[in-house]
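Student: Return a 3D structure for these sequence lines:
(one chain, ligands or ions: 1)
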Amino acid sequence: MNTALSFHLVSKTLRIGRERIQILRDVSFELKEGETLALLGPNGAGKSTCIRIILDMIRDYRGSVTLHGHDARRAQARSHVAYVAENPSLHERLTPMEVLRTGLARHDIRRSDANAWCKCWLQRLEVEEYAHCLIGRLPKGATQKVALAHAMAVQPRLLILDEPFSGLDPYAHGNVLHILDEYRRAGGSLFLTSHRLQNMERLADRVGFMRKGKLLAVRPYRELATERKADLIIRYEARHALFDESSSPCPGVFEYRLAYLELQASIARLLAQGGTLLAIRPELSLEDLFFRFAARDGA
Ligand SMILES: Nc1ncnc2c1ncn2[C@@H]1O[C@H](COP(=O)(O)OP(=O)(O)OP(=O)(O)O)[C@@H](O)[C@H]1O
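Tutor: As a prediction, the model looks like this:
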């Protein structure tokens, strides 16, 4: 598989007054063609800075970045790449139709059915009703959808999305998830950032977790999900503890930690002994697990 994106030992320092702040520290990752990589991390972790470097919006950094084998500093490298920012700034005096047509022209895409094609993408993102309104008058969520329609319409080999789900209502959320899933199933490469692991189960092949400018670890999503299933906590009500090593957060209520495979037998035993099952939850959130992995890696 060819490499869609390579980010190698990238460091970035900002000078603010007399102070120098390091916002990326030797960050390295790779995205193969057809793969989806999600970069997760809290505010200020450095995710958007990575994207700005990939897109040549920041040039003074240390390290090397390539897109489909070309140095990311060269315009040619971005010819098959589309990007949607967290708060897209589209030209306010254009209409969504014009925005999409401009996108096709910029990517040198000539289609005899260009109008119908653009209309179709506006429909898929459910903003066709605004097709001929000025962007400046659109609601915020609609602008975000137009930006995504604009990116999808050029059929990029690599799609880069900064927080694609923030600002979307739950219905739009599901629709965008479906469109992105379809894109990756058709072989597109996807690089996205998010504050949360939520939604990633349907999209990401691998996830990387960033904090304070460092990439702590990159793991296959499946590995994280499998490990989580091994550790559950059941909370139950009973006169006394029904399992050894139960803890008791309050009188008459107990918690018991168990492996996923023990779940069925443990619930049967709990009910047989007159206990009441109150809740089952994963012991660790996926974020917690990530730190566990990172610690194992010595990060
Ligand atoms: N132009 C700038 N001036 C000052 N600080 C900056 C600038 N650009 C980035 N930073 C700082 O660099 C760090 C990384 O920012 P970045 O936007 O990349 O993080 P992020 O992970 O994308 O966060 P968020 O999820 O909030 O978008 C933050 O501490 C931020 O305050």
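
Student: From the rest of the structure, what touches the strand or helix carrying residue 209?
Tutor: Using DSSP states H and E, residue 209 sits in strand 206-211. Applying Cβ atoms under 8 Å, 6 or more residues apart in numbering, the external contacts of strand 206-211 come out as 27, 29, 35-42, 45-47, 50, 197, 200, 215-221, 224, 287, 290-291, 294. The C-beta positions use only the backbone N, C-alpha and C, and glycine is treated the same way.

Student: Let me see the mean pLDDT of the next helix-or-strand element following that strand.
Tutor: Following strand 206-211 in sequence order, the next helix or strand is strand 214-220 (DSSP H and E). Averaged over strand 214-220, pLDDT sits at 88.

Student: Kindly report the same for stretch 267-279.
Tutor: 95.

Student: And that stretch, end to end?
Tutor: End-to-end distance of stretch 267-279: 11 Å, with Cα to Cα, to the nearest Å as the criterion.

Student: For the stretch 101-250 of the chain, what lies in contact range of the ligand?
Tutor: Counting by Cβ under 6 Å from any ligand atom, the stretch 101-250 of the chain comes close to the ligand at residue 195.

Student: how about the helices of the stretch 101-250 of the chain, start to end?
Tutor: Secondary structure of the stretch 101-250 of the chain by DSSP state H, counting those that start in this stretch: the helices cover 114-124, 140-153, 170-185, 200-203, 221-229.

Student: Residues touching the third one, excluding its own?
Tutor: By that I understand helix 170-185. 34, 36, 124-126, 141, 145, 148, 152, 159, 161, 164-165, 168, 190, 199, 202-203.

Student: ok, back up a step: make JSON lines from the helices of the stretch 101-250 of the chain and add mean neighbour count to it.
Tutor: Below are these laid out as JSON lines (neighbours: other Cβ atoms under 10 Å):
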{"stretch": "helix 114-124", "mean neighbour count": "17"}
{"stretch": "helix 140-153", "mean neighbour count": "23"}
{"stretch": "helix 170-185", "mean neighbour count": "15"}
{"stretch": "helix 200-203", "mean neighbour count": "16"}
{"stretch": "helix 221-229", "mean neighbour count": "15"}
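
Student: And the residue of the stretch 51-200 of the chain closest to the ligand?
Tutor: residue 195 (5.9 Å; Cβ to the nearest ligand atom).

Student: With the flanking residues excluded, which residue is spatially nearest to that residue?
Tutor: Sequence neighbours aside, residue 42 is the residue nearest to residue 195 in space, at 6.6 Å (criterion: Cβ to Cβ, 6 or more residues apart in numbering).

Student: and the one you found, which of the three is it?
Tutor: coil (DSSP: H, G, I helix; E, B strand; the rest coil).

Student: Could you check how many residues crowd around it?
Tutor: 13 (other Cβ atoms under 10 Å).

Student: Can you give me the distance of it to residue 213?
Tutor: 12 Å (Cβ to Cβ, to the nearest Å).

Student: same check, this time on residue 87
Tutor: Distance from residue 87 to residue 213, by Cβ to Cβ: 22 Å.

Student: Same check on residue 176?
Tutor: Distance from residue 176 to residue 213, by Cβ to Cβ: 29 Å.

Student: circling back to that earlier point, please list all residues in contact with the residue of the stretch 51-200 of the chain closest to the ligand.
Tutor: Contacts of residue 195 by Cβ under 8 Å, 6+ apart are 40, 41, 42, 43, 163, 166.
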